[in-house]
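1. predicted model follows, preceded by the sequence.
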Amino acid sequence: VQKSGEGAGGEGLPLLPLLDVRSGRGLVAEHTILRFDEQGLIPAIVQDPDTHEVLVLAFMNRASIEHTYATGHVTFWSRTRSELWEKGATSGNWLRFVSMRKNCEANSLLVLARPAGPVCHTLNYSCYYRDFDPAADLPAV
């Protein structure tokens with residue numbers, strides 16, 4: 001394990017080296033502790049573990065992660081209301097927590113959860129129901 005300040009990253013966080021299975025030598029380093037942004041938030045992608053469909057991108061903080069593990073319901077941090085947002089608490093469209101993974105840089109999460117109804121506020125199953133057209137959807141420069 002690399003010590004803080006060594007190798008890639010150097011932000012003072014513990015790093016875990018990846019190994020080249022052919023040679024046994026380290027290739028890159030992975031962060032092991034979550035890296036929240038300056039507001040204490042981390043992006044969380046929610047995916048259905050059965051269909052593998054991406055359902056929503058939201059933000060979590062330490063309290064929402066702890067609440068998710070304690071209740072079994074995926075809970076986010078609402079940036080607009082500045083409060084915990086337990087998905088389904090008002091609509092009944094819960095996200096039943098299955099598991100959580102972190103990416104190699106520990107700066108985003110993948111939350112596996114089973115939806116009990118539409119996930120999007122538009123009542124679509126997923127928030128990602130619209131096609132993207134670069135000609136129409138990119139802002140003018």
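-> Great, that's in hand.

2. assign the residue nearest the centre of the chain to helix, strand or coil.
-> The residue lying closest to the centre of the chain (C-alpha atoms, centre = their mean) is residue 44, at 2.0 Å. Three-state assignment for residue 44 (DSSP: H, G, I helix; E, B strand; the rest coil): strand.

3. surely it meets residue 57?
-> Yes - between residue 44 and residue 57 there is a contact under C-beta atoms under 8 Å: 7.2 Å. Heads up, the C-betas are built off the backbone N, CA and C, glycines and all.

4. show me the beta-bridge partners of the residue nearest to the centre of the chain.
-> residue 58, residue 109 (DSSP bridges).

5. can you tell me which residues contact it?
-> Shown in contact with residue 44 (C-beta atoms under 8 Å, 6 or more residues apart in numbering): 57, 58, 59, 60, 76, 108, 109, 110, 111.

6. okay, it and residue 133: tell me how far apart.
-> 27 Å (C-beta to C-beta, to the nearest Å).

7. can you report phi and psi for the residue lying closest to residue 113 once chain neighbours are set aside?
-> Spatially, and ignoring its direct neighbours in sequence, residue 113 is nearest to residue 95 (4.0 Å; C-beta to C-beta, 6 or more residues apart in numbering). Per-residue torsions, residue 95: phi -110, psi 110 (degrees, to the nearest 10).

8. also residue 34?
-> The phi/psi pair for residue 34 (degrees, to the nearest 10) is phi -50, psi 140.

9. ok, now which ones touch it?
-> 42, 102, 106, 107, 109.

10. where in the chain is pLDDT low?
-> Applying pLDDT under 70 to the chain flags residues 1-28.
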